[in-house]
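*Asks:* requesting a structural model of the entry that follows:
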Amino acid sequence: MKYLFTDLAGIVRGVEKNVNDPFRDRVFFDASSVIGFEKIENSDLMLRCVDNLYSFPFRSGIKYCIANIFTSQGDRYVKDPRAVAEELRKLLIENGVEARMGVEIEFFLVKYIMASIDLSEQTVKIGVVETPETGGAIPVKKGYFLVEPLDTVRDVRLDIIHYMELIGYNPVKSHHEVATTGQVEVTSPALDPVLLGDYTVLFKIITRTVAGLHGFKALFLPKPFYGDNGSGMHIHVSLWSNGENLFYDPSEEYGLSRTARYFIGGILEHGRSLSAIVSPTVNSYRRLVPGYEAPTLLAWGLGNRSTAIRVPSTKNKGSFRIEYRPPDPLVNPYLAYTAIVLAGLDGIKKKIEPPPPLLKNAYKLSESEIRELGLRRLPRSLWEALDELESDYEYLLPTFPNELIESYIEVKRGECMRLQSVPSPAEFVEYMMY
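*Replies:* Numbers count the residues shown, from 1 in each chain. You can find the predicted model right below:
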């Protein structure tokens, strides 16, 4: 039996134990060795399998469980990320609502990654594939929807889907993405925030395992390559009640209900603080720059992929939804999915009306146009995003404990401090002539 969980940063951790009854047994672990959890003088926490069990597809006889975290006294642990999503599920049920969410996870498949930092040398070497320089045929930004034999990673992608199906999840779509060097996108089915978090945890495990079997490494870093598109994790959301899509109203402009408009308004209102959770690394902000299909402005549009929120062009009430585009694959999924819904719910509660939809390419707006439209930018760094989260977090409190928010900010501030002191090779290139 393997018990899985995530730390605050979203790293998947696990432990194996021989058990007779997976729903009665439990396993203790050292919480002081887990990012953002407890200090060494009070470090005993406990994992229990409560509501899920998966057969590990690569080795018979092993079951996987995404565990809940408890204190040694048996109370639910206040910083368990999965508990945040479970509390959202309860909140929605109490209000007669369900959230249906899907995620498009983008990532790269490369042959190897080697990185080192010391006083005399800072190097990163990546075994890229598919580029003309390596014998492939896909130039920068030209990979979208290409097929075999140009798509050299198709078999990896299809095997990932196969193994996800074996554990009970059925991805609905996959393809080669825009970037060269093996960029892939796989789209999940529509799930509630807890199950979508579970899906994401298992997807990363299976993707990395399958990639290794094919001689590749899966790279979820948002912006690993200069000059080409990065990897996002676009999140689709709709709210439902009694089988009806609350976001769809054919009598309203664009088919967008008043509820959906307020939901959009809430996300845009809290978008700068939300950024600390959905774009959670220093590298995330290297992706959020103009011209690479990643948003930079807190705007929404109809079919507009240059905005933070896109309303897909569909009149089918079963699939009518909004798409939130800033997130990337390094999120803690339970925290990210929950925070997005809570921001939207706050918009509904406060009836926050969004601005009119942006009809232009956001990347080509001048500074004066941005000011005239009253648009705000996404933060330009993780440090800036954390400043926003410190001053705007009340909308998270229905399911996020204060202790978790404080620890998350502390963990991420430490990450910023560590990386801020490391010079980039680009700085040597830029500044040697000064």
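*Asks:* pLDDT wise, what is Arg321 at?
*Replies:* Per-residue pLDDT puts Arg321 at 95.
*Asks:* hmm, it is touching Leu239, no?
*Replies:* No. Contact criterion Cβ atoms under 8 Å: Arg321 and Leu239 do not qualify, at 9.4 Å. C-beta here means a position set from N, CA and C on the backbone, and glycine is covered the same way.
*Asks:* pull up the overlap in contacts between those two.
*Replies:* Shared contacts of Arg321 and Leu239, defined by Cβ atoms under 8 Å, 6 or more residues apart in numbering, comprise Arg100, Phe247.
*Asks:* where do the strands of the stretch 251-400 of the chain begin and end?
*Replies:* Using DSSP state E, counting those that start in this stretch, the strands assigned to the stretch 251-400 of the chain run over residues 297-298, 300-302, 309-311, 322-324, 376-377.
*Asks:* would you convert those into a markdown table that also reports distance to Ile352 and mean neighbour count?
*Replies:* Below are these laid out as a markdown table (distance: least, Cβ to Cβ, whole Å; neighbours: other Cβ atoms under 10 Å):
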| stretch | distance to Ile352 | mean neighbour count |
| --- | --- | --- |
| strand 297-298 | 12 | 22 |
| strand 300-302 | 12 | 20 |
| strand 309-311 | 13 | 23 |
| strand 322-324 | 14 | 22 |
| strand 376-377 | 13 | 15 |
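*Asks:* any idea which of those strands gets closest to Glu367?
*Replies:* If you check each of those against Glu367 by Cβ to Cβ, strand 376-377 wins as the nearest, at 10.5 Å.
*Asks:* partner strands of that closest one, parallel or antiparallel?
*Replies:* Strand pairing for strand 376-377, using DSSP bridges, gives strand 297-298 (antiparallel).
*Asks:* could you pull up the mean pLDDT of the strand it pairs with?
*Replies:* 96.
*Asks:* contacts for that strand, please.
*Replies:* 268, 271-272, 306-308, 358, 362, 365, 370, 375-378.
*Asks:* is it possible to mark the buried ones in those?
*Replies:* 268, 271-272, 306-308, 358, 362, 365, 370, 375, 377-378 (16 or more other Cβ atoms under 10 Å).
*Asks:* ok, so of these, who is nearest Leu246?
*Replies:* Leu268 (18.4 Å).
*Asks:* who's the residue nearest to the closest one when sequence neighbours are not counted bridged to?
*Replies:* Closest residue in space to Leu268, ignoring its immediate chain neighbours: Leu298 at 4.9 Å, by Cβ to Cβ, 6 or more residues apart in numbering. As for beta bridges, Leu298 partners with Arg376 under DSSP bridges.
*Asks:* neighbours of Leu397, how many?
*Replies:* Counted with other Cβ atoms under 10 Å, residues neighbouring Leu397 total 11.
*Asks:* sorry, that was for Glu415
*Replies:* 18.
*Asks:* JSON lines for the buried ones among the contacts of strand 297-298, including distance to Leu202 and pLDDT?
*Replies:* As requested, the buried ones among the contacts of strand 297-298 are exported to JSON lines (distance: Cβ to Cβ, whole Å; pLDDT from 0 to 100):
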{"residue": "Leu268", "distance to Leu202": "31", "pLDDT": "98"}
{"residue": "Gly271", "distance to Leu202": "29", "pLDDT": "98"}
{"residue": "Arg272", "distance to Leu202": "31", "pLDDT": "98"}
{"residue": "Ser306", "distance to Leu202": "32", "pLDDT": "90"}
{"residue": "Thr307", "distance to Leu202": "31", "pLDDT": "94"}
{"residue": "Ala308", "distance to Leu202": "28", "pLDDT": "96"}
{"residue": "Leu358", "distance to Leu202": "36", "pLDDT": "91"}
{"residue": "Ala362", "distance to Leu202": "34", "pLDDT": "91"}
{"residue": "Leu365", "distance to Leu202": "40", "pLDDT": "90"}
{"residue": "Ile370", "distance to Leu202": "40", "pLDDT": "92"}
{"residue": "Leu375", "distance to Leu202": "37", "pLDDT": "93"}
{"residue": "Arg377", "distance to Leu202": "35", "pLDDT": "95"}
{"residue": "Leu378", "distance to Leu202": "29", "pLDDT": "97"}
